[in-house]
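Peer 1: Need coordinates for the following:
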Amino acid sequence: MGFRSFKQGLIRSSCVATLSVFALHGCTTNPTHTAAQTEVPVAPEEKEVLKLDVVPDKPFPIDTLYALLVAEMAIDRKRYDIALSNYVQQAIQTRDVTVASRATQIARGLNARQSALEMSQLWSELDPYNSDARLIASIELIEANELLEAFALSKKNLENGDPTAFESIAVKAEKDDIKIVKTLLEKYSELLNNHKTDIGLWLGYSILLQQAGQLEEALAAVDKANKIDKDNFRTIFQETRVLHKMGKAELANERLGQLVDKNPNNIGLRVRYARLVWNTSPETAREQFQILHEQSPNDQEILYSLALVEKDLGLLDSAKDHFVLLLKNNQYPSAAHYHLGDILQKKRKIKVAFEHFMQVGTGQNYVAATIKASDILVNQNKLDEALSLIKTRQQTSTERTQESLFMLEADIYSRTGKLLEAKEALTNGLKYFPDSERILYSRAMLNTQIDSIEAAEKDLKRVLELVPEHAAALNALGYTLADKTTRYQEAYEYIKQAYALTPNDPAVIDSLGWVAYRLGNFTEALKRLRAAMKAFPDHEIAAHLGEVLWVNGNHKEAIDVWKQGLELSPESKIIKNTLDRLNADIK
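Peer 2: As a prediction, this is how the structure comes out:
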């Protein structure tokens with residue numbers, strides 16, 4: 001809700017405890033005033049039990065009336081923080097339904113999640129038969145990840161024939177503990193015994209089954225919803241999600257495509273279809289975005305998507321024209337400049353590309369544009385200009401961007417052979433970001449290059465203090481100890497932990513092989529190094545595998561492996577150093 005409509009809503013339904021009372025009585029010195037009676041919606045079958053038809057007159061102290069009037073005046077002056085504070089305080093003190101509902105409205109309008117949760121729950125408690133109160137409280141509970149409480153409120157609404165939030169609960173559960181998913185599955189299943197025609201319940205059940213990995217059952221559940229209403233978009237969307245999870249992307253796309261054909265003027269549906277098929281069939285996505293652009297020529301988001309998919313397809317001229325049009329319309333300027341720079345760089349129009357990269361503002365593409373612009377300068381032998389650009393932007397960027405720019409500065413120094421300057425850049429970055437595992441890890445890798453093993457070990461251990469399951473740091477520390485020291489058993493323990501976290505990483509498998517070799521286990525070493533080389537042919541792995549083969553007496557295979565590594569990286573220093581150390585000749 002925008003602030004304007006939010007304010008108008010408050011004025012239209014101004015609280016009886018404030019303006020109406022002041023209009024009737026004026027600002028008197030009476031210690032208390034009486035609020036108008038408020039009806040309590042009571043379920044017909046429970047009226048006799050409750051023996052209460054209305055809330056009794058509730059006297060409001062003058063302090064309460066004054067606080068609420070101040071809140072209304074604060075809204076007039078756009079001091080929404082004061083309005084929220086006063087309404088929340090008075091809702092808690094008075095426990096008045098109208099004040100609680102207004103407090104809820106203000107909190108939600110301001111996106112004040114905690115206050116919205118507390119006030120909606122209070123409103124629902126004070127007005128127990130109000131379906132809107134229950135639904136809003138349910139939504140706020142979902143936001144707060146209190147999913148079982150949200151389910152209980154939606155269950156009440158379902159039993160009264162009112163709107164529910166079962167789908168939203170299930171979607172939120174995806175980010176929660178699997179135990180919550182299983183608990184909710186049981187509750188949904190139990191509820192479906194008596195409510196077999198509720199689409200939202202079936203869809204929520206399907207989403208939960210999908211999250212639990214029970215894909216066949218999830219598809220069966222969404223089929224139940226589909227039979228209740230075969231033209232319901234939500235059921236089709238969930239069906240396509242399940243089919244994609246099952247590896248049936250073609251069938252999922254076909255199903256959604258059929259729905260688009262039946263509803264050719266539904267723009268939202270076509271957009272969803274275009275985005276769904278983008279990864280698997282970008283040509284189809286482009287066709288759909290072209291249709292959407294014809295249907296909504298002024299929709300800049302559709303134009304941007306069309307330009308992106310054309311760029312992905314290599315249709316650079318068409319993509320360029322559309323990005324230029326976005327710039328002309330002053331829409332997505334930073335993104336348009338970045339992609340235009342990228343397109344023009346591919347077309348070898350380096351000068352114009354550079355100008356576009358320099359116009360990318362802070363945001364998603366800022367670091368990438370800075371990297372590309374600095375690379376252009378470095379390739380033009382303008383190293384000082386590249387470094388000046390990066391250092392200037394370091395002083396004016398957001399924290400996350402600034403951290404990346406320190407790493408970029410170090411990378412440029414490193415690529416130009418200035419390793420000590422690269423280390424200095426990272427050290428300077430750590431003055432601003434002392435707990436940056438990215439900078440610490442990068443400096444550790446640099447320290448290994450300049451044989452500062454003790455410093456590298458210190459940085460890697462600090463990374464592991466910050467992120468104990470940092471697989472790359474575990475592997476790097478283990479490999480460094482295995483390669484540069486005689487602490488082989490300690491090295492093995494670190495590498496073993498990395499392997500448990502990333503068992504398919506060729507770098508970790510290579511480290512396992514290398515530490516096995518250092519420990520004298522040649523059979524294990526050959527097994528691991530062969531597997532690493534097969535998974536990811538690389539000159540460093542070739543150096544290790546070749547050395548183990550050579551030491552084992554298998555000189556011919558060792559030479560073949562080293563030659564393979566040199567084909568991959570003709571200037572490989574690690575292979576050349578290995579050959580020199582072993583006095584091996586591969587000619």
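
Peer 1: which residue ranges form the helices in the stretch 251-400 of the chain?
Peer 2: Taking DSSP state H, counting those that start in this stretch to define them, one finds helices in the stretch 251-400 of the chain at 267-277, 282-295, 300-312, 316-328, 333-346, 350-358, 366-379, 383-394, 399-415.

Peer 1: Tell me which of the ones you listed lies nearest to Asp483.
Peer 2: Closest approach to Asp483 among those (CB to CB): helix 399-415, 19.6 Å. The C-beta positions use only the backbone N, C-alpha and C, and glycine is treated the same way.

Peer 1: Disregarding flanking residues, what is the spatial nearest neighbour of Pro506?
Peer 2: Once flanking residues are discounted, Pro506 sits nearest to Phe536: 3.6 Å by CB to CB, 6 or more residues apart in numbering.

Peer 1: rewinding a little: could you redo the helices of the stretch 251-400 of the chain as TSV and give each row distance to Glu125, mean neighbour count and mean pLDDT?
Peer 2: Below are those laid out as TSV (distance: least, CB to CB, whole Å; neighbours: other CB atoms under 10 Å; pLDDT from 0 to 100):
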stretch	distance to Glu125	mean neighbour count	mean pLDDT
helix 267-277	37	19	91
helix 282-295	46	18	96
helix 300-312	41	21	97
helix 316-328	50	17	97
helix 333-346	47	21	97
helix 350-358	57	17	97
helix 366-379	48	19	96
helix 383-394	53	17	95
helix 399-415	42	19	93
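
Peer 1: Dump those helices into a markdown table; add distance to Ala472 as well.
Peer 2: Below are the helices of the stretch 251-400 of the chain laid out as a markdown table (distance: least, CB to CB, whole Å):
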| stretch | distance to Ala472 |
| --- | --- |
| helix 267-277 | 32 |
| helix 282-295 | 32 |
| helix 300-312 | 29 |
| helix 316-328 | 35 |
| helix 333-346 | 28 |
| helix 350-358 | 29 |
| helix 366-379 | 20 |
| helix 383-394 | 24 |
| helix 399-415 | 15 |
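
Peer 1: Those: which one's closest to Ala103?
Peer 2: Ala103 sits nearest to helix 267-277 of all the helices of the stretch 251-400 of the chain, at 33.4 Å, using CB to CB.

Peer 1: The closest one: how far from the chain's middle?
Peer 2: Between the centre of helix 267-277 and the centre of its host chain there is 21 Å, according to CA atoms, centre = their mean, to the nearest Å.

Peer 1: So which elements touch it?
Peer 2: helix 233-245, helix 249-262, helix 282-295, helix 300-312 (3 or more CB pairs under 8 Å, 6 or more residues apart in numbering; DSSP states H and E).

Peer 1: neighbouring contacts of the last one?
Peer 2: The set of residues that contact helix 300-312 without belonging to it, under CB atoms under 8 Å, 6 or more residues apart in numbering, is 271, 274-275, 278, 282, 285-286, 289-290, 292-293, 296, 316, 318-319, 322-323, 325-326, 329, 331-332, 335-336, 339, 342-343.

Peer 1: That helix to helix 267-277, inter-axis angle?
Peer 2: With axes from the mean of the first three to the mean of the last three CA atoms, to 10 degrees as the basis, helix 300-312 and helix 267-277 are set at 20 degrees to each other.

Peer 1: which residues touch the residue lying closest to Ile453 once chain neighbours are set aside?
Peer 2: Distances taken as CB to CB, 6+ apart place Lys484 nearest to Ile453, at 4.8 Å, with adjacent residues excluded. By CB under 8 Å, 6+ apart, Lys484 lies in contact with Thr448, Asp451, Ile453.

Peer 1: and if you look at Ile412?
Peer 2: Ser374, Val378, Leu383, Ala386, Leu387, Ile390.

Peer 1: do you know how far it is from Ile267?
Peer 2: Separation of Ile412 from Ile267 (CB to CB, to the nearest Å) stands at 46 Å.

Peer 1: what do you get for Phe357?
Peer 2: Taken as CB to CB, the span from Phe357 to Ile267 is 33 Å.

Peer 1: Make JSON lines from the contacts of Ile412 and add distance to Val242 to it.
Peer 2: Below are the contacts of Ile412 laid out as JSON lines (distance: CB to CB, whole Å):
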{"residue": "Ser374", "distance to Val242": "45"}
{"residue": "Val378", "distance to Val242": "49"}
{"residue": "Leu383", "distance to Val242": "54"}
{"residue": "Ala386", "distance to Val242": "49"}
{"residue": "Leu387", "distance to Val242": "52"}
{"residue": "Ile390", "distance to Val242": "47"}
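
Peer 1: which among the residues you listed gets closest to Tyr80?
Peer 2: Closest to Tyr80, out of all of the contacts of Ile412 and judged by CB to CB, is Ile390, at 41.0 Å.

Peer 1: Pull the contacting residues for that closest one.
Peer 2: Going by CB under 8 Å, 6+ apart, Ile390 touches Thr370, Ser374, Leu405, Leu408, Glu409, Ile412.

Peer 1: okay, the residue lying closest to Ala71 once chain neighbours are set aside: pLDDT?
Peer 2: Nearest non-adjacent residue to Ala71, counting by CB to CB, 6+ apart: Asn86, 3.9 Å away. Per-residue confidence (pLDDT) for Asn86: 92.
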